[in-house]
Structure formats: C-alpha cells, structure tokens
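K.L.:
Show me how the following folds:
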Amino acid sequence: MNLLKKIVIISCAAFLVQGCAEEKKESSEASNQEKSTQQNSQTIYLIGDSTMANYADDYEPGKDYMETRYPVTGWGQVFQEFFVKDSLAEVKNIIHSDSVIVDDRARGGRSTRTFFQEGRWRSVFENLKENDVVIMQFGHNDAAEDKTERYVDIEGYKEFLRLFVSQSREKGATPIILTPVARNYPWEDGHLQNVHGEYDQAPKDIAKEMNVELIDLNQLSMDYFSKKGKDFVTENYFMNLPAGKYEAYPDGQKDNTHFQPKGAEAIAQLVFNELKKINTK
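P.N.:
Model (predicted):
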C-alpha cells in the first residue's frame, strides 16, 4: 500500500471517529437537557373520574381514540394547552418553574375509594415531588348508590379526600380540592341546578377543615352553563350526538354528563382561571 493510500485511510478513519464522538456528545447533551427540563418542571397531577380523564392518551391500549371514543373529551385532556410559556405568568403564585407537565391520572368510573384501592393514588404519591400540584375532582361515582362496586358513603368520601390531601402535603406538594363538575340536569327557570347533593358539600367541608385550596367547580360550571343556555350546552358541550356523525357513535348518543371538546375546553378554562387566584408562596 503506497503512502498516499495510507494517509487517505487514516484521515477517513479519524474523521469517522470524530463524527461518532460529536454525535454521541450531541445525543448526550440533548438527553441531559431533557432530564434537566423534567427536573425543573412542576407537575400538575389530575386525579378523578371520567369528566377529567384524557381519552386520547392511550386510554384503551391498542384502540384508536378517533374510531372508538371521539368526540368524548375530559377537561384534563385539554388542560396542558393552558400552560404554554406565555401564560405561566398568570399562575405565577402557584407555578414556580418555567415549565409545567400536566399528568392526567383520572379514570372513568372511579370514586375516591376505587382510585385508591386500584393503586392509582399510590402511583401518584410515589412520584410526587416538592412544589407539584395535585388537583382532585371526585363525587360523580362516589355518589352512585346503585353501583356498589364504586359507591362510597359521605364519611368514606371525606376520609379519602383527607388521605389525598395529607399525603400530598407529606411530599411537599400542593393539594387542591374541586367540587364535582355539574351534569346537564336538572334545569329550573333557565338555570342549571345542583345534582350532587351532599357530595358537593363534602369537599367544601374538608377544604375548610384542612385549610386546603378549594375550587367550587360545581357552582362555577352551573353558572357558566346557565349563561350559555340549556339548548346550547346540550348540543355543543355535552355528549348529545346525532346518528351518523361520528364513527364511534353510529346511532348517536344522549349523554348529559360527559363532554365534547368545546365543553371540556370551557371547564378547563374555568379551572385555570381559578388557579390564577391561588397563592402558595
């Protein structure tokens, strides 16, 4: 092999080694940057029921959301959109970092009891870190006396709320209790009424007892829906669908509990607006 060929081979080899080293360095830097961002972020954990759930995030593994569930949308599903960089200043008294991760753990059909019994709360608790936020909204399923697999009496409901609050604080996180979001009934004289009974009052009692931040989402949503009017919210906010419009509901749907995207966005906006008023500094 002549000298020129040797020089060319050696040069190529050196170039490849340098290229691989630089690529590895860039990959490592990107990974470290991603880890740093996650460590510097605050996480908002959402725990609750179907009205809060994220159906688009592999809710049913192996199934296509657009084919099997759309347009049903939990308000937690669209909550991340409110925490873009430009809007963080609006919640600076509760968000103390430059980025927020919304981790929606809400699940359909769960009461405070079943959320705990299935290990869903344990999974949140084990990952909680200081300054994280835990927003809890239950009540719909706790009150379901005809569904014994999920029903929780008022004292049990309160006790599980106490547990979620105390263990959140144990980790240095901020708990926020929500009253259950309104259903689209009953209506009286053009105003939506409270359907949740004692399960609306219980979160207020615990918030007062434990000095916890409370968002009265039941009252806020009743008032908001009433301003929009029964016909408008029935057609545009709740899952009342005509036949043949959506693949997942070929026969249509009549559902005055769960939300279409516009309804979920409206509720998420109400919650975000209330977060602006909370000060944890």
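
K.L.:
what's the distance between residue 257 and residue 182?
P.N.:
9 Å (Cβ to Cβ, to the nearest Å). The way it works is simple: take the backbone N, C-alpha and C, and place the C-beta from them, glycine included.

K.L.:
ditto for residue 97
P.N.:
According to Cβ to Cβ, residue 97 and residue 182 sit 32 Å apart.

K.L.:
For residue 257 and residue 182, indicate the residue with more neighbours.
P.N.:
Each of residue 257 and residue 182 has its neighbours counted (other Cβ atoms under 10 Å); residue 182 has more, 27 against 16.

K.L.:
so that one is in which element?
P.N.:
Using DSSP states H and E, residue 182 sits within no helix or strand.

K.L.:
Just the pLDDT for it.
P.N.:
Per-residue pLDDT puts residue 182 at 98.

K.L.:
Now the residue lying closest to residue 185 once chain neighbours are set aside: phi and psi?
P.N.:
Using Cβ to Cβ, 6 or more residues apart in numbering and skipping residues adjacent in sequence, the residue nearest residue 185 is residue 256, 5.6 Å away. As for residue 256, its main-chain torsions (degrees, to the nearest 10) stand at phi -110, psi 30.

K.L.:
what about residue 256, how many neighbours?
P.N.:
Look at residue 256: counted by other Cβ under 10 Å, it has 15 neighbours.

K.L.:
partner strands of the longest strand anywhere in the chain, parallel or antiparallel?
P.N.:
In the chain, with assignment by DSSP state E, the single longest strand is strand 42-48. Note on strand 42-48: by DSSP bridges, its sheet partners are strand 100-104 (parallel), strand 133-137 (parallel).

K.L.:
Buried residues, the last one. List them.
P.N.:
This points to strand 133-137. Neighbour-count burial for strand 133-137 flags 133, 134, 135, 136, 137 (criterion: 16 or more other Cβ atoms under 10 Å).

K.L.:
Need the nearest residue in space to the fourth one, chain neighbours excluded.
P.N.:
Using Cβ to Cβ, 6+ apart and skipping residues adjacent in sequence, the residue nearest residue 136 is residue 47, 5.0 Å away.

K.L.:
try the third one
P.N.:
Ranked by Cβ to Cβ, 6+ apart and with sequence neighbours excluded, the top spatial neighbour of residue 135 is residue 176, at 4.8 Å.

K.L.:
From the contact counts, what lies against the helix or strand harbouring the one you found?
P.N.:
Element membership of residue 176 [criterion: DSSP H and E] is strand 174-178. Under the contact criterion of 3 or more Cβ pairs under 8 Å, 6 or more residues apart in numbering; DSSP states H and E, strand 174-178 touches strand 133-137, helix 154-170, helix 198-210, strand 213-215.

K.L.:
Done for today, thanks.
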